[in-house]
Every structure is written in C-alpha cells, then in structure tokens.
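Visitor: Give me a 3D structure for the following:
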Amino acid sequence: MKVLLQPEAKILNIITSIDNLFKNIGRSLVTQKHEPQIEQKRDRHGNLYWQVKDFATNKTYEFDSDRDVRVWIENRYHSF
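Guide: Numbers count the residues shown, from 1 in each chain. Down below sits the predicted model:
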C-alpha cells in the first residue's frame, strides 16, 4: 500500500533533497583530490563501518572503527 504525502511534506522532501545535493557538490569542490575522503556507512545488516577513498593511490579501504581509520591516516602521513 502506497502512502501519499501531503503537499507540504512533498515540498519539504524536495527542499531536503536539493539541500543535500548542494552540500555534496560543495564538499566535492572543497575536498582536495590528494586528501582521502572518509565516510561512515552502514552495510546491508545495519552495521557501521568507515570507508576511506585514497585519491593518491586510487584505492578504497574499509575499517570497522574510527581508531583503525586514524591509524591508517597516521601510517599514510608518515609514508609520504
């Protein structure tokens, strides 16, 4: 059964989507391509994990904790 949204809710959803789009565009413009991009995500079971995209090596890494991400960042920094 499909739930129909009231006009106000539809407008709010559109505004939220546009806001998110501009935030993502802004983040893309500000992020240096040599700096890693770090995001917290959820897998299909709802478990949190961290995804790191390293543009310097064109690799993507996944970590279970923010501590593991910090260790990776420290090791990356010291390897340059």
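Visitor: From here on, just use CA atoms for contacts and neighbour counts.
Guide: Fine.
Visitor: starting at the chain centroid, how far to stretch 43-51?
Guide: 12 Å (C-alpha atoms, centre = their mean, to the nearest Å).
Visitor: quick one: average pLDDT of it?
Guide: The pLDDT scores in stretch 43-51 average 95.
Visitor: quick one: contacts for the residue nearest to the spatial centre of the chain?
Guide: Among the residues of the chain, residue 39 comes closest to the average C-alpha position under C-alpha atoms, centre = their mean, at 3.5 Å. By C-alpha atoms under 8 Å, 6 or more residues apart in numbering, the contact set of residue 39 is 50, 51, 52.
Visitor: which of these are buried?
Guide: Buried members of the contacts of residue 39, counted by 16 or more other C-alpha atoms under 10 Å: 50, 51, 52.
Visitor: Reformat those residues as TSV; add distance to residue 17.
Guide: Converted to TSV, these look like this (distance: C-alpha to C-alpha, whole Å):
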residue	distance to residue 17
50	24
51	23
52	24
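Visitor: Among those residues, which one lies nearest to residue 65?
Guide: Using C-alpha to C-alpha, residue 50 is the member of the buried ones among the contacts of residue 39 that lies nearest residue 65, at 6.7 Å.
Visitor: quick one: low-confidence ranges for this structure?
Guide: Residue ranges of the chain with pLDDT under 70: 1-5, 28-33, 80.
Visitor: could you redo the last one with a cut-off of 90?
Guide: Applying pLDDT under 90 to the chain flags the ranges 1-17, 19-35, 55-57, 76-80.
Visitor: the strands in it, which residues?
Guide: For the chain, applying DSSP state E gives strands covering 37-42, 48-54, 59-63.
Visitor: CA-only coordinates of the second one, as CSV, when you get a sec.
Guide: Looking back up the chat, that one is strand 48-54. In CSV, the C-alpha atoms belonging to strand 48-54 read as follows (Å, rounded to 0.1, in the frame of the first residue of the first chain):
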residue,chain,number,x,y,z
LEU,A,48,28.5,0.8,10.9
TYR,A,49,31.8,0.9,9.1
TRP,A,50,34.2,3.5,7.7
GLN,A,51,35.0,3.8,4.0
VAL,A,52,38.2,5.7,3.0
LYS,A,53,38.8,6.7,-0.6
ASP,A,54,42.5,7.4,-1.1
